[in-house]
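sequence and predicted structure below; questions after.
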Amino acid sequence: MYDVLIVGLGAAGYTAAIYAARYKLKTFIVGFEDGGMGLTAAEVGNWPGDIDIKGPDLMERFKKHAMSFEEVTHKIGRVEKIAKKGDHFAITLQSGDVVEGKTVIFATGSKKRHLGVKGEAEFSGKGVTYCATCDAFFYKNKDVAVIGGGDSAVEGAAIAAQVARKVYLVHRRKEFRAEPYWVDRVKARDNVIFVLENQVQEIFGEGKVKGLKLAKPFEGNDTLTLDGVFIEIGSDPSVDLSNQLGCVTDEKGFVTVKPTQETSVPGVFAAGDNTNASNYFAQFTTAAGEGAVAANGVFNYLSTVKVEGGYMG
Ligand code: NAP
């Protein structure tokens, strides 16, 4: 029996594991994508102490740190089911293994949104992808479009512009949500073409992407001829597992947490992009902070149970 089961191998999950281990809690951490959304950050310029580090390298360091503790058991695998079993919890992995713990931290992150336009599903993996920074390097000297106006899209366009011939940045408004740092980076590139106040209507091709159709003409043409389309229109919280335990979500679909990161279900905590904490600001720093607070919450929760009448929270 573990003290805590952590689901998710991103910044929130690994930080929770580090803190839990230092509290001497027997910790099981599991997930199917080692590194989580952190893997998609080509350049991380806002992790304090590292002026410039790649997301996958940073996540490797998180993992190495977490796994340096003998209290931490690490497993790659998909969690299919979670259930309450008496006063504890049991998770069932795709492999059929069942692991039990006294508490849970959901650090399940988020999943990329789809546009829902004609051709998107047909050409997914054939020129349509959902991670510009991961896939841009396959498009050397090609023409691509990045859709969206947040950090993911604008960072993606900046990275793609380093290798692609032309990058169309298609955004439905004039203003960008992205950090001014990234907006300045793309504005400085003469191979980034801004297609603003416009939307994608259809993605077309033949076996692979050949272009997209816009809702309104751009420079007299309502199609763009392309080799790749990177859809970066945000993410939705991954709450399937926390829903299985009945954790309350807010009106936007994120797990509602208290300042301790505890959910509406006693003994169940959540941290990172799946929660409504940190004003929905999805960053390495906020995910790590929430992971630390969740592990502290677990420690206090377990201590409270042991010490009757005492409350350490
Ligand atoms: P986001 O901030 O939610 O931005 C999504 C963008 O897609 C918005 O510009 C939105 O337009 C547009 N969009 C949404 N639905 C659309 C639709 N159906 N059709 C067309 N456009 C649509 O998502 P994100 O960029 O993935 O960022 C998510 C979080 O991760 C943020 O907290 C962000 O700061 C963080 N992040 C940070 C970095 C970094 O370098 N610090 C890098 C990546 C991500 P509107 O603006 O009109 O709503």
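Cool, the structure landed.

from the contact counts, what lies against the helix ranked longest in the chain?
Determined from DSSP state H, the single longest helix within the chain is helix 284-306. Counting contacts by 3 or more C-beta pairs under 8 Å, 6 or more residues apart in numbering; DSSP states H and E, helix 284-306 is packed against strand 2-7, helix 11-22, strand 98-106, strand 268-270. Backbone N, C-alpha and C define where each C-beta goes, glycine included.

so for the first one, mean pLDDT?
Averaging pLDDT along strand 2-7 gives 98.

next: the second one.
In this model, helix 11-22 has an average pLDDT of 98.

likewise the third one?
Predicted confidence along strand 98-106 averages 98 (mean pLDDT).

so for that strand, what gets flagged as buried?
For strand 98-106, the neighbour count (16 or more other C-beta atoms under 10 Å) marks Val99, Gly101, Lys102, Thr103, Val104, Ile105, Phe106 as buried.

looking at these, which is nearest Tyr301?
Thr103 (6.0 Å; C-beta to C-beta).

distance of that closest one from the ligand?
In this view, Thr103 and the ligand are 27 Å apart by C-beta to the nearest ligand atom, to the nearest Å.

same thing with Glu155?
5 Å.

what residues does the stretch 101-250 of the chain have near the ligand?
Proximity of the stretch 101-250 of the chain to the ligand (C-beta under 6 Å from any ligand atom) is limited to residues 115, 148-153, 155, 172-173, 177, 179, 199, 232-235.

now do the longest helix of the chain: distance to the chain's middle.
Offset of helix 284-306 from its chain centre (C-alpha atoms, centre = their mean, to the nearest Å): 20 Å.

just want the angle from it to helix 11-22.
Angle, helix 284-306 to helix 11-22, by axes from the mean of the first three to the mean of the last three C-alpha atoms, to 10 degrees: 40 degrees.

what residues of helix 284-306 count as buried?
Buried residues in helix 284-306 (16+ other C-beta under 10 Å): 284, 286-302.

dump that helix to PDB, keeping only the CA atoms.
Taking Å, rounded to 0.1, in the frame of the first residue of the first chain, the C-alpha atoms of helix 284-306 are listed here in PDB:
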ATOM      1  CA  PHE A 284       6.300  25.000 -15.600                       C
ATOM      2  CA  THR A 285       6.500  27.200 -12.500                       C
ATOM      3  CA  THR A 286       2.800  27.000 -11.600                       C
ATOM      4  CA  ALA A 287       2.600  23.300 -12.300                       C
ATOM      5  CA  ALA A 288       5.600  22.700 -10.100                       C
ATOM      6  CA  GLY A 289       4.300  25.000  -7.300                       C
ATOM      7  CA  GLU A 290       0.900  23.200  -7.400                       C
ATOM      8  CA  GLY A 291       2.700  19.800  -7.200                       C
ATOM      9  CA  ALA A 292       4.600  20.900  -4.100                       C
ATOM     10  CA  VAL A 293       1.400  22.200  -2.400                       C
ATOM     11  CA  ALA A 294      -0.500  19.000  -3.300                       C
ATOM     12  CA  ALA A 295       2.300  16.800  -1.700                       C
ATOM     13  CA  ASN A 296       2.200  19.000   1.400                       C
ATOM     14  CA  GLY A 297      -1.600  18.600   1.400                       C
ATOM     15  CA  VAL A 298      -1.200  14.800   1.200                       C
ATOM     16  CA  PHE A 299       1.300  14.900   4.100                       C
ATOM     17  CA  ASN A 300      -1.000  17.000   6.300                       C
ATOM     18  CA  TYR A 301      -4.000  14.800   5.300                       C
ATOM     19  CA  LEU A 302      -2.300  11.600   6.300                       C
ATOM     20  CA  SER A 303      -0.900  13.200   9.500                       C
ATOM     21  CA  THR A 304      -4.400  14.400  10.500                       C
ATOM     22  CA  VAL A 305      -5.700  10.900  10.100                       C
ATOM     23  CA  LYS A 306      -3.000   9.500  12.300                       C
END
